[in-house]
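> Sequence first, predicted coordinates after that:
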Amino acid sequence: MQTTIKSPISFSGCGLHTGDSATVTIRPATAEHGIWFCRSDVAVGDRLIPARWDAVLRSPLCTKIENATGLQVSTVEHIMAALAGCGVHNALVEIDGPEVPILDGSAAPFVRGIMQRGLRTLAAPVRAFEVLKTVTVTDGQASATLSPAAALQIDFEIDFADVAIGHQKKSLVMNNGSFARELCDSRTFCRQADVDA
C-alpha cells in the first residue's frame, strides 16, 4: 500500500552549490499525490515542481528538477533517496529557496527525521514498474544496468584515481531496512579538479 509521512518535519542548512541558507519541510500528502516540491519563496506563478524523471535537467554535480514554467530546485538527490529508501510514496516538500540544504552530505539526517515521524499507510496500492529485460545506459565511463530479479538488489562500484576515493564496491539486497542501516550515510564527495573548475 502507498504511504506518507505521519507529520511534518523540517531541516535547515546551507546549499552546497549556492551557499544560501534554506529550510525544507516534508509534509504528508494524500494517495496518488506522488512527491512534489513547492517553492515557498516564490510569490506568484506555479510554485510546484514534480519529482519525476521527466522533470530532471542535465546539470553537473547535482540533480536539478524544473516545472513547465522554468521554476527549479536543485540538489534533491539526498532527500529523494531518503524518501525512496524509507518507502515514502507521497509527500509535499516545501522549500524556501532554490537548493535543498546539504546537511552532512548524505541522506542520513533526512532518513532519521522520516523514521522519527513514522509512516502512515494510505488506502491505495503501490504502482511500480517491472523490469522485463536487461537495459544498460552508458555515459562516458559511467554505466547503469537494470536486470529482471525477484527482489531489488543494487550493486555499486566506483573507481577513481584519487587515493582518498579509490576503488569501492557495495552490493545490497534492498529490504528490511538495509537502506537506513547500510547506505543512507554514504556522503557526496568533491574532487579538487571540480572545485578548481
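Alright, I've got the coordinates. Predicted, not measured: the structure shown is a model, and the values here were computed from it.

> Go through stretch 183-197 and flag the buried ones.
Residues of stretch 183-197 classed as buried by neighbour count (16 or more other Cβ atoms under 10 Å): 183-184, 186. C-beta here means a position set from N, CA and C on the backbone, and glycine is covered the same way.

> got the domain boundaries for this protein?
Domains of the chain are assigned by automatic domain parsing as 3-121, 135-196.

> now those domains in JSON lines, with distance to Phe129 and mean pLDDT?
Below are the domains of the chain laid out as JSON lines (distance: least, Cβ to Cβ, whole Å; pLDDT from 0 to 100):
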{"stretch": "domain 3-121", "distance to Phe129": "11", "mean pLDDT": "96"}
{"stretch": "domain 135-196", "distance to Phe129": "9", "mean pLDDT": "89"}
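
> Mind jotting down where the strands sit in this structure?
Along the chain, counting by DSSP state E, strands occupy 3-5, 9-14, 21-28, 35-39, 48-50, 56-57, 64-66, 72-74, 91-95, 119-121, 135-139, 142-146, 153-159, 167-173.

> now these in TSV, with mean neighbour count and distance to Ala81?
What follows is the strands of the chain, written out as TSV (neighbours: other Cβ atoms under 10 Å; distance: least, Cβ to Cβ, whole Å):
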stretch	mean neighbour count	distance to Ala81
strand 3-5	22	15
strand 9-14	14	14
strand 21-28	19	13
strand 35-39	21	12
strand 48-50	18	17
strand 56-57	12	14
strand 64-66	19	14
strand 72-74	21	15
strand 91-95	21	13
strand 119-121	14	16
strand 135-139	9	19
strand 142-146	10	15
strand 153-159	11	12
strand 167-173	11	13
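
> Any figure for the gap between Ser21 and Asp41?
Relative to Asp41, Ser21 is positioned 11 Å away (Cβ to Cβ, to the nearest Å).

> Report the contact partners of the residue nearest the centre of the chain.
The residue lying closest to the centre of the chain (Cα atoms, centre = their mean) is Met80, at 2.1 Å. With contact set as Cβ atoms under 8 Å, 6 or more residues apart in numbering, Met80 has these partners: 35, 51, 63.

> Great, nothing more from me.
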